[in-house]
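S.K.: Have a look at this prediction, sequence included:
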Amino acid sequence: MTIPDIIIAVDGYSSTGKSTFAKLVAGEFGFLYLDSGAMYRGVALAAKEAGAIRADGSVDEAALQALLPSLELHFERKEGATRLFMGSREVEAQIRTGEVGALASPVSAYPFVRAWVDERLHAFAAGGRVIMDGRDIGTTVFPDAQLKIFMTADPMVRAQRRYDELSAKGGTDTLEEVFQALQERDYRDSHRETSPLRQAPDAYVLDNTHMTLHEEVVWALGVLQGKFGLYETPGLSC
Ligand code: DC
């Protein structure tokens with residue numbers, strides 16, 4: 001079965017499993033996976049390291065703006081995974097901390113940061129055959145993406161998944177605290193002025209509250225087959 005060289009946009013709330021889903025789809029159908037959230041996390045890390053985050057956690061807008069012209073972020077494939085680099089330094093571990101994740105939310109609300117990231121996402125996706133996940137990929141970054149998917153799941157189920165993930169890494173937050181933080185992040189991401197998280201009207205909704213990863217990929221295959229008139233069913237490796 002040949003899927004055309006399209007752009008697939010995957011948006012949705014945090015902890016809905018967007019990146020896991022997008023990575024699996026990329027692997028099954030030979031697409032390049034790009035994580036737009038990693039770019040915002042990269043900018044947040046750069047801001048932290050450059051002292052553009054004040055002691056009270058607020059963002060020094062002028063300092064943030066000043067660091068962007070010399071900031072270089074890109075992805076590289078390493079051991080089968082796509083990793084973020086800041087210049088020649090791999091920063092994958094540093095951008096995945098809770099602290100940097102929390103900073104990425106206010107940093108991503110600045111229109112000049114979004115413009116900076118969007119410009120790079122367009123360059124990375126040139127040539128197509130890309131699946132990109134984020135919050136505004138199908139609405140703002142690639143409004144003409146040939147396939148848009150909006151992921152959602154029951155908030156408590158999402159909190160439980162996040163809690164399990166954090167606990168496995170030695171985190172000590174309670175389920176209630178994780179649930180609260182998730183609610184706050186959802187609110188901030190969907191109420192900011194620039195590019196809020198919204199479902200594109202032409203997006204296919206994937207609610208994975210009660211789905212396994214295999215079922216999610218089978219669902220994606222069904223959508224691709226229906227949309228592009230492909231009737232042959234390939235074997236899936238997941
Ligand atoms: O998906 P994530 O947790 O890695 O995203 C980190 C932050 O970046 C999150 O607060 C939302 C923001 N983000 C965004 O505003 N737009 C995107 N396209 C992707 C992420």
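M.R.: Alright, I've got the coordinates.

S.K.: Could you use CA atoms for every contact and neighbour count after this?
M.R.: Will do.

S.K.: What parts of this protein come near the ligand?
M.R.: Within the chain, the positions adjacent to the ligand are 14, 36-38, 40-41, 101, 104-105, 108, 134-137 by Cα under 6 Å from any ligand atom.

S.K.: Please flag which of those residues sit within helices.
M.R.: The helices, defined by DSSP state H, take in S36, G37, A38, Y40, R41, G101, A104, S105 from the residues of the chain next to the ligand.

S.K.: Using JSON lines, lay out the residues you listed together with pLDDT and neighbour count.
M.R.: Shown next, in JSON lines, are these (pLDDT from 0 to 100; neighbours: other Cα atoms under 10 Å):
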{"residue": "S36", "pLDDT": "96", "neighbour count": "21"}
{"residue": "G37", "pLDDT": "95", "neighbour count": "20"}
{"residue": "A38", "pLDDT": "97", "neighbour count": "24"}
{"residue": "Y40", "pLDDT": "97", "neighbour count": "26"}
{"residue": "R41", "pLDDT": "97", "neighbour count": "27"}
{"residue": "G101", "pLDDT": "90", "neighbour count": "20"}
{"residue": "A104", "pLDDT": "94", "neighbour count": "22"}
{"residue": "S105", "pLDDT": "88", "neighbour count": "19"}
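
S.K.: Quick check: bridge partners of the residue nearest in space to the middle of the chain?
M.R.: With distances taken as Cα atoms, centre = their mean, G134 lies nearest the centre of the chain, 3.4 Å away. For G134, the beta-bridge assignment (DSSP bridges) gives partners D11.

S.K.: Next, the contact list for it, please.
M.R.: A9, V10, D11, G12, K18, D35, S36, G37 (Cα atoms under 8 Å, 6 or more residues apart in numbering).

S.K.: so which of those comes closest to C238?
M.R.: K18 (16.0 Å; Cα to Cα).

S.K.: Return the residues in contact with that closest one.
M.R.: V10, D11, G12, D133, G134, M151.

S.K.: Not counting its neighbours along the chain, what's nearest the fourth one?
M.R.: To tie it back to what came earlier, the one meant is D133. V10 (4.5 Å; Cα to Cα, 6 or more residues apart in numbering).
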